[in-house]
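Undergrad: Mind folding the following:
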Amino acid sequence: MARRASTAESQSRHEQTLGRARLVVLALLSMAAPSCGGDDAATEAERPAGSGTGGSAGQGGTGGSAGAAAGGGNAGSGTGGGTAVGAADFVPLHPYRALDTRGSAMPSSGAPACVTLAGTGPIPADAKAVLVNIAAVTPTGAGHFVAYPEGSAEPSTSTVNYASANVANGAIVDLGASGAICVVPKQGQAHAIVDVSGYFTANSSYRAITPSRVVDTRTGAIQSAGDAHCVNVAGVGDVAADAAAVIVNIAAVNAPSAGHLRVHPDGSPATDTSTLNFAAGQTIANGAVVPVGTDGRVCVTMAPTSTHYVLDVTGFLAASTKLQPLTPTRRLDTRKTGRLEAGSITCLTLADSDLPANARGALLNLTAIQPSAAGFAVVYPEGHIKPTTSTINFAAGAVVANNAIVQPGDGGRVCIHTSAATDLVLDVSGFFASTSSDLPCASVSCGTPPPPVCSGGTELITHAATGVCKLGTCIYEESAKACTCSGNAC
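TA: The predicted model follows:
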């Protein structure tokens, strides 16, 4: 049963200034299957205000829109890891802001903003990749961000698409040799915010590849709604023949009407979830981690209408992965239990016979349905401090989805805080198995806090030198100093 409790909106600096979008795309991670729906939607960056429908031309993107179901979304919201992770695959972190260009001049088109992550704060020097949320704030026009490892060639795909409003998307970004990632605007300009919510360890199953486009329907006819279009991914290009899952970014391009699509393993059973929701006229995208299905294929199915789309593969998880896919299931739907009030916190149990309470991270998809005002919601482990980042951002009246990797907290439970009255739907599609003992904090040292960062150009965020370990996650007390700042100093 979900439990609901009220908390003052003033608790969080979310409501005071532009914000901390958590994103995963990516990338990620949704193992989605079908849904229904078709309401207009928009994605907005956390502290950044605004409605944020996805923009520009269709290479990659953000957010979701539509109806009843929860779409796979932007990566996530995870919770933090400690120092000793053993043979861990993915390590969630208590989310923190790593980059915010709003204290400086807006990056010009083609000019990358870069930040070093490997070997800084809680991320080890040998980490392979990071799970980030990338927000485009106050864009000057339609365009897109590309996120990539510093020193590598810019991929021809995109990570976040934007138009005239704030928008965010989650991504898994390879750290490369330099340990830094870059975000570069293309076409229209926008400020960039990067929040970090996890990383893949040196011995993880994550494998980076040069992003490649495997489907672009704009070269032909739009596929019929309800039909599954399947494509080989395992053994194609740089993806191993025995890959367990692929990391994808899918974008709906200039959708003729509202609907949704799902990316799913070939041969998977139908469920009432989705990967991406879109509104009429949108170019919008989401990332997902999709298990490889029959004959090494993944499929795209749309309903109740269809649209052109592009599908990019940006990485894969090897056969040794600790990712355990589940048939996507709906765990919360407040349209049936009662609409959530502004400032409320709702907690629910995720652990069951399929999902262990000590899972390192559960793959969630959260959908906000017709919020009463623009705002955000954040999912976090029960018993942890509520993060000052977000899992999903929404505009008034929108239907928007985002995914997250969140470690179950006390009793195998998670909590959801929403800043505005809204209905929420939460789906679970898998988990990363734990490699720790019954004492997850026994070998964890919490002495590597996130580095300082200027947020919004108006406050310097710092963290306590020593953190507290909770279920293997280090949580560092955060402080904000009001000042005119840029980079990491007032």
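Undergrad: C-terminal to the least confident helix or strand in the chain by mean pLDDT, what's the next element?
TA: Least confident helix or strand of the chain, by mean pLDDT, DSSP states H and E, is strand 3-6 with a mean of 40. Downstream of strand 3-6, the next assigned helix or strand under DSSP states H and E is strand 90-100.
Undergrad: quick one, phi psi at Arg335?
TA: Backbone torsions for Arg335, taken as degrees, to the nearest 10, come to phi -70, psi -20.
Undergrad: And for Thr217?
TA: phi -70, psi -10.
Undergrad: can you pull the contacts of it?
TA: 223, 308-310 (C-beta atoms under 8 Å, 6 or more residues apart in numbering). Every residue, glycine included, has its C-beta placed from N, CA and C.
Undergrad: again, 6 Å this time
TA: By C-beta atoms under 6 Å, 6 or more residues apart in numbering, the residues touching Thr217 are 308-309.
Undergrad: Let me know the pLDDT of it.
TA: Here the pLDDT value assigned to Thr217 is 95.
Undergrad: I'd like the distance between the closest residue to His191 other than its chain neighbours and Pro387.
TA: Nearest in space to His191, with sequence neighbours left out and distances taken as C-beta to C-beta, 6 or more residues apart in numbering, is Val137 at 4.2 Å. From Val137 across to Pro387, the span is 19 Å (C-beta to C-beta, to the nearest Å).
Undergrad: now Val173
TA: On the measure of C-beta to C-beta, Val173 and Pro387 end up 20 Å apart.
Undergrad: likewise Pro149?
TA: With C-beta to C-beta as the criterion, Pro149 and Pro387 are 26 Å apart.
Undergrad: who has more neighbours, the two?
TA: Pro387 (27 against 20; other C-beta atoms under 10 Å).
Undergrad: which residues sit in contact with that one?
TA: 95, 378, 380.
Undergrad: what about the last one, helix or strand, and which?
TA: Counting by DSSP H and E, the element that carries Tyr380 is strand 375-381.
Undergrad: Show me what that strand pairs with in its sheet, parallel or antiparallel.
TA: strand 392-394 (antiparallel), strand 413-418 (antiparallel) (DSSP bridges).
Undergrad: For the first one, what is the distance to the chain centroid?
TA: From the chain centre to the centre of strand 392-394 is a distance of 11 Å (C-alpha atoms, centre = their mean, to the nearest Å).
Undergrad: swap in the longest one?
TA: Distance of strand 413-418 from the chain centroid (C-alpha atoms, centre = their mean) equals 16 Å.
Undergrad: Which elements pack onto the helix or strand that that strand is followed by?
TA: Where DSSP H and E defines the elements, the next helix or strand beyond strand 413-418 is strand 423-432. Packed against strand 423-432, as judged by 3 or more C-beta pairs under 6 Å, 6 or more residues apart in numbering; DSSP states H and E, are the following elements: strand 323-333, helix 334-337, strand 361-369.
Undergrad: so which of the ones you listed is the most packed in?
TA: Highest mean neighbour count among the helices and strands packed on strand 423-432 (mean count of other C-beta atoms under 10 Å): strand 361-369, with a mean of 31.
Undergrad: That one vs strand 375-381, what angle?
TA: Going by axes from the mean of the first three to the mean of the last three C-alpha atoms, to 10 degrees, strand 361-369 is angled at 160 degrees with respect to strand 375-381.
Undergrad: Can you give the strand pairings for strand 361-369, parallel or anti for each?
TA: Partners of strand 361-369, by DSSP bridges, with direction: strand 399-406 (antiparallel), strand 423-432 (antiparallel).
Undergrad: what about it, distance to the chain center?
TA: The mean C-alpha position of strand 361-369 is separated from the chain mean by 9 Å, C-alpha atoms, centre = their mean.
Undergrad: got the contact list for that strand?
TA: By C-beta under 6 Å, 6+ apart, strand 361-369 touches 29-30, 70, 72-73, 78, 90, 92, 350, 391-392, 394, 399-408, 422-432.
Undergrad: mind exporting that strand as CSV, just the C-alpha atoms?
TA: Extracted in CSV, the C-alpha atoms of strand 361-369 (Å, rounded to 0.1, in the frame of the first residue of the first chain):
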residue,chain,number,x,y,z
GLY,A,361,18.9,0.0,-8.3
ALA,A,362,15.4,-0.5,-9.6
LEU,A,363,14.5,0.6,-13.2
LEU,A,364,11.5,2.8,-12.8
ASN,A,365,9.4,4.9,-15.2
LEU,A,366,7.5,7.8,-13.7
THR,A,367,4.7,9.6,-15.5
ALA,A,368,3.0,12.8,-14.5
ILE,A,369,-0.5,13.2,-15.8
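Undergrad: Begin at 882, not 1, for the rest of this chat.
TA: With the count now opening at 882, the last piece we talked about shows up as strand 1242-1250.
Undergrad: Could you check how sure the model is about it, as an average pLDDT?
TA: Strand 1242-1250 comes out at a mean pLDDT of 85.
Undergrad: Quick one: work out the angle between that strand and strand 1204-1214.
TA: 30 degrees.
Undergrad: Now do stretch 1306-1322: distance from first to last residue.
TA: 32 Å (C-alpha to C-alpha, to the nearest Å).
Undergrad: Show me which positions of it end up buried.
TA: Buried residues in stretch 1306-1322, counted by 16 or more other C-beta atoms under 10 Å: 1306-1315, 1317, 1321-1322.
Undergrad: Does Val1013 belong to a helix, a strand or coil?
TA: Classification of Val1013 using DSSP: H, G, I helix; E, B strand; the rest coil returns strand.
Undergrad: Please give the element, helix or strand, for Asn1130.
TA: Going by DSSP H and E, Asn1130 is part of strand 1126-1134.
Undergrad: Pairing partners for that strand, with directions?
TA: strand 1165-1172 (antiparallel), strand 1189-1198 (antiparallel).
Undergrad: Quick one: mean pLDDT for that strand?
TA: Strand 1126-1134 comes out at a mean pLDDT of 89.
Undergrad: Quick check: which ranges of the stretch 1132-1281 of the chain have low pLDDT?
TA: When residues are selected by pLDDT under 70, none of them lie in the stretch 1132-1281 of the chain.
Undergrad: ok, back up a step: what's around the residue nearest to His1072, how many residues?
TA: For Val1018, using other C-beta under 10 Å, the count is 29.
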